[in-house]
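1. Return atomic coordinates for the entry below.
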Amino acid sequence: MKVNKKVFFLPLLLGLQTAVAQTQKPYEQKISGTNLSFSMQAIPAGKFKMGSNNGKADEKPVNEVTISPFWMATYELTWDLYEPFLYKDYEVNHSTSAVPAAVDAVTRPTKPYLDMTFGMGKEGHPALAMTNYNAIQYCKWLYARTGVFYRLPTEAEWEYACRAGSTTEFSFGADPEALNEYAWYKGNSDGKTHKVGTKKPNAWGLYDMHGNVSEWTWDQYLSDFYAGLKGDKLKDPLAVPTKLYAHSIRGGSYEDQPSELRSAARLGSDPVWKQLDPQIPKSNWWFPEAPFIGMRLVRPVTPPSEAEIKAYYDQPVIQDY
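-> Predicted coordinates:
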């Protein structure tokens, strides 16, 4: 008897999808060899309308896109979690066991010539002013420490998680007056970052998606990217980076107006953020004039292959002249 393979495999596939949905829960990730940990929220698979008809030109046209399930960090990455990667001596002094060779082999940032907190606070505050390359290398260091693949979110993942099922300008509604309850921005921040998690979270348990620091995404920033989203590109869309500038940044920061904190608002990185850097070529690691950029981790439910992990972490460095 001829077996219809499509009919045979469909229940199996649906069963696997159901199992993923049932097992995908929030969790706490411990960083082995240290006393550090961070929490991750489960973001379910789904569809949403990406962009805004009321926003800027780069937010149009609005497209319904499909997103695979993933986890996203509850909070923006803090200095507490970032410094062991930044300073080798700090890592050694704060480790509970010998630093593994694989961790020691990860390339670390050049020592900044400025106080990269810019006097805004360190403990519990978001790490900031790192480049996109720096952020990816942190993910690589974390992979060496935990054995778990972490990366930056795609623009689509970021907006989907920020909206958390909402269709309004902000995750909590359309009224910017309510930002005081959810975000640190120009109207209430006193011109500085604040400890993460001190405002209300969105419906999916994520804090500071609006404001505090803007957040790196994986994507190349393309002002007309949404116009090309058709067919297969509507599933887990990604503008694969091929150039140093610009990369897409989301969420707005402590120094931005409410309009820049909208769920759909986009920003591209800018070489002028390295204008004060005296080095030639300029640093691959720091944006000394961008003390408003931070990062947030994601982890896909379906892990990539070892080849894909290597390709993500070991992208060739593009020198910035």
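2. element containing residue 103?
-> Using DSSP states H and E, residue 103 sits in helix 101-104.
3. Could you name the helices and strands sitting against that helix?
-> Counting contacts by 3 or more Cβ pairs under 8 Å, 6 or more residues apart in numbering; DSSP states H and E, helix 101-104 is packed against helix 132-146. C-beta coordinates here come from the backbone N, C-alpha and C atoms, glycine included.
4. Just give me how far the helix it packs on sits from the chain centre.
-> 12 Å (Cα atoms, centre = their mean, to the nearest Å).
5. Can you give me the buried ones in it?
-> 132-145 (16 or more other Cβ atoms under 10 Å).
6. Please identify the buried residues of the helix holding residue 103?
-> Result for helix 101-104 [16+ other Cβ under 10 Å]: buried residues residue 103.
7. in the chain, which spans are strands?
-> 27-30, 37-43, 46-50, 63-67, 70-73, 214-220, 247-250, 266-268, 293-294, 298-300 (DSSP state E).
8. Output the below-cut-off pLDDT ranges for this structure.
-> By pLDDT under 70, the low-scoring segments of the chain are 1-22, 321.
9. Quick check: which of the strands of the chain is nearest to residue 149?
-> strand 298-300 (6.5 Å; Cβ to Cβ).
10. helices and strands around that closest one, which ones?
-> strand 70-73.
11. Describe which strands the strand it packs on pairs with in its sheet and in which direction.
-> The sheet places strand 70-73 alongside strand 37-43 (antiparallel), strand 298-300 (antiparallel), with pairing taken from DSSP bridges.
12. Just give the number of residues close to residue 57.
-> Using other Cβ atoms under 10 Å, residue 57 has 8 other residues around it.
13. now it, nearest residue through space, not along the chain?
-> Distances taken as Cβ to Cβ, 6 or more residues apart in numbering put residue 223 closest to residue 57, at 7.0 Å, once the chain neighbours are dropped.
14. ditto for residue 211
-> Closest to residue 211 by Cβ to Cβ, 6+ apart is residue 183, at 3.4 Å.
15. repeat for residue 303
-> residue 149 (5.6 Å).
16. Regarding that neighbour, what are the backbone dihedral angles?
-> When quoted as degrees, to the nearest 10, the phi and psi of residue 149 stand at phi -80, psi 110.
17. what separates it from residue 44, distance-wise?
-> 19 Å (Cβ to Cβ, to the nearest Å).
18. Could you do residue 229 as well?
-> 21 Å.
19. Between the two, which is the more surrounded one?
-> In terms of neighbours (other Cβ under 10 Å), residue 229 is the more surrounded of residue 229 and residue 44; the figures are 20 against 15.
20. got a list of what that one touches?
-> Counting by Cβ atoms under 8 Å, 6 or more residues apart in numbering, residue 229 makes contact with 50, 63, 65, 237.
21. returning to what we had before: residues contacting the residue nearest to residue 303?
-> Counting by Cβ under 8 Å, 6+ apart, residue 149 has contacts 143, 299-300, 303-304, 309.
22. Filter these down to the buried ones and hand me the ChimeraX line.
-> Selecting only the buried entries of those in ChimeraX, with 16+ other Cβ under 10 Å as the criterion:
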select :143,299,300,309
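23. and the two most separated of the contacts of residue 149?
-> Going by Cβ to Cβ, the pair spanning these furthest: 143 and 300, at 13.0 Å.
24. residue boundaries of the helices in the stretch 201-321 of the chain?
-> Under the criterion DSSP state H, counting those that start in this stretch, the stretch 201-321 of the chain contains helices at 306-313.
25. Throw the strands of the chain into JSON lines and include distance to residue 206, thanks.
-> Formatted as JSON lines, these follow (distance: least, Cβ to Cβ, whole Å):
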{"stretch": "strand 27-30", "distance to residue 206": "15"}
{"stretch": "strand 37-43", "distance to residue 206": "6"}
{"stretch": "strand 46-50", "distance to residue 206": "15"}
{"stretch": "strand 63-67", "distance to residue 206": "14"}
{"stretch": "strand 70-73", "distance to residue 206": "6"}
{"stretch": "strand 214-220", "distance to residue 206": "11"}
{"stretch": "strand 247-250", "distance to residue 206": "12"}
{"stretch": "strand 266-268", "distance to residue 206": "18"}
{"stretch": "strand 293-294", "distance to residue 206": "14"}
{"stretch": "strand 298-300", "distance to residue 206": "11"}
